[in-house]
Each structure stands twice: as C-alpha cells, then as structure tokens.
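Undergrad: just the structure for this:
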Amino acid sequence: MSSSPTRPILAAVVGVVVALSLSGCGTSAAQAGAAATVGDQTVTTSEVNRLTEGYCAAFAPQFKSDGTVLPMQVVRGYVVGTMTVNAAAQQLAESYGIDEPEGYSQTVKDLENQAAGLPDAHRSQVLEVENAGAYTSAVQTQVGGMLLADEGTTDADDATKASRGREALELWLGEHPADVNPRYGIQITNGSFTDADNDTSFPLSPNAVAATKTQPDQAYAATLPSSQRCG
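TA: Now for the predicted structure:
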C-alpha cells in the first residue's frame, strides 16, 4: 500500500483479515435486531451495517488505488468486536467513576488528523469505530493505574497500567458475558475479540497492527459478490 496519513487506521482492518477466518456465518440466536449485547448495552445490527458500509466507502478510493479487496464479513466482524468491547469499557468506566479517560481527547485529535484525507461523507463512520477502540484502550490504562495505585504501585508506566486494566475488563466481562450474534463469526474473550472458530485473537488498537506486512488473500476476496466484499 502507498504511504498515507490514513494508513495506521486502514492497517487495523488489513491486520484483522490475517487473524479472522474468511468464512463461516452462524445462525443467529440473539434477540432480533441485536448484533451483540453486553451488560445493559446493545450493539444493533443497523448500527453495525451503517458503520461497516461507511468504513468501506471511506477507503474505497485508496482500495482502488492499492488494488486491495477485503471480505465484508471481516470488516463487519472488526466493527462488531470494536463496538462490543467499547460498550463493556463504557460500563467499566462508569463503575470506576470515569467520565472521560485520561489521554482520550488527544488520541481523538490524532485520529482525526489521520483521517483528514478520507471522503467527508464517510469520515465520521471511520472515526466512530476508531474512537471506540481508542476509548477502550484509554479506559483500561486509567483503570489499571487506579488499581495499581490502590495496590501501592504509583510509578507504573502506561504499558503496565494498560495490562492491569485489561485484567479488570476481563473480570468485568467474566461477570457480564458478551452475547455476540453468531453470524459475525467472533466472540469476546479475555477483554478482546477473537475468531469464533479458532480462538485467534487480535489487538484492538490500530497501532498494534500497523506494522503487519501480511496481506489478505486478494484472489479469494475478489471472487466474492460485490455485496460481500470491501474494495
């Protein structure tokens, strides 16, 4: 792919393709209209469809230029996973009295700068998804810092705080299991989202997968009907 300010965001989706299976849609047992439920929040199918379609449309020019084609199912799974874990993080933050996690505002500004070159009509959908992932990371870091401080560690770095915060989110999800519609092919485990078939996990943060050099199976993706591919 050619270098671009939007590449760190786009790399997240490309990285997900490597981790997620390219096939398989289960029969939904979830409530009508729900892509996922966690705690007292629901991620709706209409929300997922809106964000997935906007995400793909936003990157259409770059996909065309790069010759990139992604299975729509994979992008949709990325959206569902990100928004479901974000819903859990929102509830975790509330339980710790956190209104806006530390560092989140700056991350949002950074993401807005990265997305500046995307089409105006669909930029907001990309940012909605990526801001959700950033919020989850920020909540984990702040919660982890609070817990470590309570345990007597006041000089922990952000990586240590984030790790402790992930443990807290895992515990919260253990008490409030996420129910994801099986059609999306993912499950929520250990505070992250994984492929439902092989339990291969992948990171939420775009920066965590930006360095990946593995590319999705373009030949396979290109054979999918237009409604099932992104690009």
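Undergrad: rest of the way, CA atoms for contacts and neighbours
TA: Will do.
Undergrad: quick one, what contacts the closest residue to residue 169 other than its chain neighbours?
TA: Among residues not flanking residue 169 along the chain, residue 191 sits closest, at 5.7 Å (CA to CA, 6 or more residues apart in numbering). Counting by CA atoms under 8 Å, 6 or more residues apart in numbering, residue 191 touches 85, 166, 167, 169, 170, 173.
Undergrad: count the neighbours of the second one for me.
TA: To tie it back to what came earlier, the one meant is residue 166. Counted by other CA atoms under 10 Å, the residues lying close to residue 166 total 23.
Undergrad: before we move on, the earlier item: what pLDDT does the residue nearest to residue 169 get?
TA: Per-residue pLDDT puts residue 191 at 78.
Undergrad: how far away is it from residue 173?
TA: 7 Å (CA to CA, to the nearest Å).
Undergrad: what do the two both touch?
TA: Here residue 191 and residue 173 have no joint contacts, going by CA under 8 Å, 6+ apart.
Undergrad: picking up where we left off before, of all the contacts of residue 191, which two lie farthest apart?
TA: Spatially, the most separated pair among the contacts of residue 191 is 85 and 167, at 13.4 Å (CA to CA).
Undergrad: these two: which has the busier surroundings?
TA: When neighbours are counted by other CA under 10 Å, residue 85 and residue 167 differ, and residue 85 comes out ahead with 26 against 17.
Undergrad: for the more buried one, pull up the helix or strand it's in.
TA: helix 72-95 (DSSP states H and E).
Undergrad: following element in sequence after the helix or strand bottoming out on mean pLDDT in the chain, please.
TA: Lowest by mean pLDDT, DSSP states H and E among the helices and strands of the chain is helix 206-209, with a mean of 35. Per DSSP H and E, the first helix or strand lying C-terminal to helix 206-209 is helix 218-222.
Undergrad: from the chain's centroid, how far away is that next one?
TA: 23 Å (CA atoms, centre = their mean, to the nearest Å).
Undergrad: repeat for stretch 37-56
TA: With CA atoms, centre = their mean, you get 11 Å for stretch 37-56.
Undergrad: just the residues contacting it, thanks.
TA: With CA under 8 Å, 6+ apart as the criterion, stretch 37-56 contacts 33-36, 72, 75-76, 79-80, 83-84, 87-88, 91, 122-123, 125-126, 128-129, 176-180, 230-231.
Undergrad: for it, measure first residue to last.
TA: Length of stretch 37-56, first residue to last, CA to CA: 24 Å.
Undergrad: when you give positions from now on, start the count at 12
TA: From this message on, residue numbering opens at 12, which makes the last subject stretch 48-67.
Undergrad: model confidence over it, on average?
TA: Rounded mean pLDDT across stretch 48-67 is 95.
Undergrad: same check on stretch 151-164?
TA: Averaging pLDDT along stretch 151-164 gives 97.
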